[in-house]
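Structure for this input, please:
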Amino acid sequence: MQSLRSGWLIAGCLITLSFGCVGQATPRPAVAGRPTSFKECVAAGGKILKSYPAQCVTPDGDRFIDDAQVLKGRAERACKDLCGDGRCEEIVCMAVGCPCAESPSTCPSDCKD
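Here you go, the predicted structure:
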């Protein structure tokens, strides 16, 4: 009886997850006049959120991110380069100021094979 309940529970979870994945992966169809980028959203009078990177939201709920800020942010190092300190920092936090992730290819002096 316990294995039957477990089977139904697992089946229910899988069905729920599959519906969630389908809903997330389905993009909205393109409509003439609907913004398709951050700049078009701003030009159409979308609401600009105070975030980094900046986001623009249309009245329909479509959300666009300012790619210029994203690319600029990637050029600036948000992590601390500790290569050469004698420790291989393979697992690190993802916040600004955390050590950069190291591997044998990115920091061979600290991460020896």
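
Which pLDDT value goes with C93?
Here, the pLDDT recorded for C93 equals 85.

Would you mind giving the secondary structure of it?
At C93 the chain is in coil, as set by DSSP: H, G, I helix; E, B strand; the rest coil.

Now for it, how many residues are close by?
Counted with other Cβ atoms under 10 Å, residues neighbouring C93 total 10. Placement of C-beta: from N, CA and C, glycine included.

same check, this time on the one 10 residues further on
The local packing count at S103 equals 12, with neighbours defined by other Cβ under 10 Å.

got it, and F64?
Look at F64: counted by other Cβ under 10 Å, it has 20 neighbours.

In the protein, mark out all the helices, start to finish.
Secondary structure of the chain (DSSP state H): helices at 2-25, 38-43, 67-75.

Run a quick neighbour tally on G61.
Neighbours of G61 (other Cβ under 10 Å): 7.

Give me the helix or strand of the chain that scores worst on average pLDDT.
helix 2-25 (a mean of 58; mean pLDDT, DSSP states H and E).

Walk me through the domains of the chain.
2-75, 78-113 (automatic domain parsing).

and those, which one is worst for confidence?
Lowest mean pLDDT within the domains of the chain: domain 2-75, at a mean of 72.

Please tell me how far R63 sits from V42.
13 Å (Cβ to Cβ, to the nearest Å).

Overlap in contacts, these two.
Counting by Cβ atoms under 8 Å, 6 or more residues apart in numbering, the contacts common to R63 and V42 are C56.

For T106, give me its contacts.
By Cβ under 8 Å, 6+ apart, the residues touching T106 are C83, C100.

Name the residues linked to the closest residue to V42 other than its chain neighbours by a beta bridge.
Nearest residue to V42 in three dimensions, chain neighbours excluded: C56, at 5.4 Å (Cβ to Cβ, 6 or more residues apart in numbering). Judged by DSSP bridges, the bridge partners of C56 are I48, F64.
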